[in-house]
Structures are given as C-alpha cells and as structure tokens.
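**Student:** just a sequence and a predicted model for now, questions to come.
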Amino acid sequence: MKAEFINPFLESARHVIEQMVQIKPSTGQLSVKDIQFIDHYVWIQIGMTGQMSGNIVFGLSETVALKIISAMMGGFTITEIDEIGKSAISELGNMISGNASTMLYNQGVQVDITPPRVVHSSVFDSLASGRALAVPLIMDGIGELEIQVMIA
C-alpha cells in the first residue's frame, strides 16, 4: 500500500467538505490499521475498479453525519438519518470519490467508481478484512470523518 493512494481522496474531501459544509477540515495522522468498523457509525463504501481496485470507506459517527446532513440541507436541524439523510451523506461520498477519480485520471491512473453504499457496521463484518490506509479529517465544531483506503 502506498500513501499516495489516499492523497487524491484527502484533497477531494477537504475541497468538497469546504464547499458543502462551509468548514475547512484539517488532516489528522495517516496510519495503517486493521479494518475495524464501530457501532453507531455511518459507513459509506465506494468500490474502485481499473488500474486501482479496492474500496474507499468513509466513516463518521451518527452525530457527525447529522451535523453534515444539516449543513448540506441549508442549515435545517436534522435529528434522524432518514432516506433523504442517507441520500445526502451518500452523495457526499460520491462527490469526494468522483473528484478523486478525476485527479487520479489526470495523474495517469484510470479508475472507475461504484455507486456509494451507506451501511452499518454489522454489514461490513463480512465484507472487509485486512488493513487499510486511514486518515481522519477533523472538522472544528462538527467532528471527524475517517477515510479508509483498501487497495488490492
């Protein structure tokens, strides 16, 4: 696993979050870690095929997801993650991954992404094992969004 695989996703996530949530996130410490999905988190999984294959997973607590969804909905307070909320948070993952795949293409790496899937930790137990490059994005006043890159 190479650390440069995660850079387009970090750059894209910072840009998209700044546009959608009006907060400039900072980057936490990059690590290689065993994949571990935490209860009461929202997980957005996006598959990649092409010259890079694997999964990108965005993980955030339900509380952070509600704050991001509220910001995406024009500041209206959202208290539960319903179908519209799932759609909004899914689209956030889609925008980040779409921009990152364009950056990769511009670097000569051709990848295609799958539509995002919003799932809970119990579903991931059977889907993911192994290690991932992981880095948190820290959003003041909101919380963290962790990006995990699992490249085959």
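**Tutor:** Yep, it's here.

**Student:** OK, contacts around the closest residue to residue 59 other than its chain neighbours?
**Tutor:** The shortest distance from residue 59 to any non-neighbouring residue, by C-beta to C-beta, 6 or more residues apart in numbering, is to residue 146 (4.5 Å). Backbone N, C-alpha and C define where each C-beta goes, glycine included. Listed by C-beta atoms under 8 Å, 6 or more residues apart in numbering, the contact partners of residue 146 are 58, 59, 60, 134, 135, 136, 137.

**Student:** what's the helix or strand for residue 146?
**Tutor:** strand 143-151 (DSSP states H and E).

**Student:** ok, now residue 71?
**Tutor:** With DSSP H and E as the criterion, residue 71 is inside helix 62-72.

**Student:** past the lowest-mean-pLDDT helix or strand in the chain, which element shows up next along the chain?
**Tutor:** Least confident element among the helices and strands of the chain, by mean pLDDT, DSSP states H and E: helix 121-127 (a mean of 53). With elements assigned by DSSP H and E, the helix or strand that comes after helix 121-127 is strand 131-139.

**Student:** now that next one against strand 143-151, angle please.
**Tutor:** On the basis of axes from the mean of the first three to the mean of the last three C-alpha atoms, to 10 degrees, strand 131-139 is oriented at 160 degrees to strand 143-151.

**Student:** now stretch 63-79: mean pLDDT?
**Tutor:** When pLDDT is averaged along stretch 63-79, the result is 91.

**Student:** which residues does the spatially most central residue of the chain bridge with?
**Tutor:** Centre of the chain computed as the mean C-alpha position; nearest residue by C-alpha atoms, centre = their mean is residue 58, 2.6 Å away. In this entry, residue 58 is beta-bridged to residue 44, residue 147, by DSSP bridges.

**Student:** distance of it from residue 110?
**Tutor:** Residue 58 sits 22 Å away from residue 110, taking C-beta to C-beta, to the nearest Å as the criterion.
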